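**Q** Fold the following.
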Amino acid sequence: LEVDRSRRANIKSNHSATHLLHAALREELGNHVAQRGSYVGPDRLRFDFSHSKQIKQTELNKINNRVNYFVKQDSKVTTRLMSPDKAIKKGAMALFGEKYGDEVRVISMGHDNAKTFSLELCGGTHVDTTSKIGEFSIINESSISSGVRRIEALRGDELKLFLKNKNTALQEKTQNNQKKLIEIVNLIKELNGDTKKFEKFENEKQINVAQNLLNKLRAKNILSDVNKNIINSTIKDNITITNQILFGLPAKEIRNLIDQNTKNNKNSIILVASLENKKTSIGVGVSEDLLDKYDAVHIVKKISSLLGSEGGGGRKDFAQSGGGETTLKNIKNIFDKVIKEI
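**A** Residues are numbered from 1 along each chain as shown. Below is the predicted model:
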């Protein structure tokens, strides 16, 4: 039987790292922090502890930095044998509910203002100096049950590989976002939009801003084209009922279109359909003075049913739904049927 020295060395390093992590957690969050479980493997470490709320990123950064401070300190990791009572009097941390014999091993590491940073009762294997732990980093913090948090961390070569893969993924994501922004910018240019603020990629928010601008330009272009914006109005019982069918209008713009109509016109109901990318988006608006008699949700669900789909929802003054591909003739017939029933 042969011992895998590399595996054993990694386990020792991860185990010693959990001791520094435990001490750093107590220092930053308070002495209520106590170990509730852990995993120490050759490739990673996990530490569960008592704490009632999510740890802020600023706190995690401080904890991370403290662990690495003592790693770089290269202090000796010492093991002493003593009675449990003596160890606890010296300030050693012990697991709650754990039964100890007449003699225990006390592991200490790290020095801070002439005081030992980490002092714990432990029977496991450890490095002989903290520098052998290697660079340490918390990669995840989460809740596993009420009042118990979990920290997952890496160190050494595993951390280097993780950071390398993370950096590669970030680069790929940035490249994809840059490509996406260029595509949107080219479409904005086709509609004579201003693209100065999008000349250089900065972040993902920039893509959302560009997409919103493109949607508004598309909407403006469609609304000004009689072949893409078909409007019919009828007056029934002193109520103006407008049905508007558009080709290519982004679904997000339907709300703005309906709001403009119902806010500017009393005694009005508007039905809107946008046919785009083999999908049908429906919107219904009811002016405020008619809300005691008509419900946009009821009307939009009726339209959805006639389109062969289910769903649709919103408020009495505005509701939306979606469906599959349909024809201009079909949506016209559906609108005519719904208007007759209003």
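**Q** I'd like to know the beta-bridge partner residues of residue 245.
**A** residue 230, residue 273 (DSSP bridges).
**Q** Any idea how many residues pack against it?
**A** 20 (other CB atoms under 10 Å). Quick note: C-beta positions are derived from backbone N, CA and C, even for glycine.
**Q** now swap in residue 226 and tell me
**A** 8.
**Q** just residue 303 next, same as before
**A** By other CB under 10 Å, neighbour count at residue 303 equals 24.
**Q** what's the pLDDT at the closest residue to it other than its chain neighbours?
**A** Of all residues not flanking residue 303 in the chain, residue 282 sits nearest, at 5.3 Å (CB to CB, 6 or more residues apart in numbering). On pLDDT, residue 282 comes in at 96.
**Q** three-state assignment of residue 282?
**A** With DSSP: H, G, I helix; E, B strand; the rest coil as the basis, residue 282 sits in strand.
**Q** can you pull the contacts of it?
**A** By CB atoms under 8 Å, 6 or more residues apart in numbering, the residues touching residue 282 are 271, 272, 273, 300, 303, 304, 307, 312, 320, 321, 322, 323.
**Q** Could you measure from the first one over to residue 338?
**A** Residue 271 sits 7 Å away from residue 338, going by CB to CB, to the nearest Å.
**Q** Other residues contacting stretch 104-117?
**A** In contact with stretch 104-117 (CB under 8 Å, 6+ apart) are residues 16, 19-20, 23, 70, 73, 75-84, 87, 90-92, 118-123, 126, 130.
**Q** mean confidence for that stretch?
**A** Stretch 104-117 comes out at a mean pLDDT of 92.
**Q** Please apply the same query to stretch 178-187.
**A** For stretch 178-187, the per-residue pLDDT averages 96.
**Q** And the helices in the stretch 51-200 of the chain, which stretches?
**A** 57-73, 84-89, 156-190 (DSSP state H, counting those that start in this stretch).
**Q** Name the residues of the lowest-mean-pLDDT helix or strand in the chain that are buried.
**A** Ranked by mean pLDDT, DSSP states H and E, the helix or strand of the chain with the weakest confidence is helix 84-89, at a mean of 86. Going by neighbour count (16 or more other CB atoms under 10 Å), the buried part of helix 84-89 is 84, 87, 88.
**Q** That one packs against which elements?
**A** Secondary-structure packing of helix 84-89 (3 or more CB pairs under 8 Å, 6 or more residues apart in numbering; DSSP states H and E): strand 104-112.
**Q** neighbouring strands for the strand it packs on, and are they parallel or not?
**A** Checking strand 104-112 against DSSP bridges gives partners strand 78-82 (antiparallel), strand 115-121 (antiparallel).
**Q** Highest mean neighbour count out of those strands?
**A** Mean neighbour count (mean count of other CB atoms under 10 Å) peaks for strand 115-121 among these, with a mean of 19.
**Q** where in the chain is pLDDT low?
**A** 1, 95-98 (pLDDT under 70).
**Q** Secondary structure of residue 37: a strand, I assume?
**A** Yes: according to three-state DSSP, residue 37 belongs to a strand.
**Q** Tell me what it is bridged to.
**A** residue 48.
**Q** Quick check: it vs residue 92, distance?
**A** Residue 37 is 19 Å from residue 92, by CB to CB.
**Q** Comparing the two, which residue is more hemmed in?
**A** Neighbour count, other CB under 10 Å: between residue 37 and residue 92, residue 92 has more, with 22 against 12.
**Q** Relative to residue 84, how far out is the more buried one?
**A** Distance from residue 92 to residue 84, by CB to CB: 9 Å.
**Q** Can you work out which residues contact both of these two?
**A** The contact lists of residue 92 and residue 84 share residue 121, where a contact means CB under 8 Å, 6+ apart.
**Q** Quick one: which of the contacts of residue 282 is the most crowded by neighbours?
**A** Within those, residue 273 tops the neighbour count with 27 neighbours, counted by other CB under 10 Å.
**Q** Mark out where each domain of this structure begins and ends.
**A** Domain assignment for the chain by automatic domain parsing gives 5-156, 163-223, 229-341.
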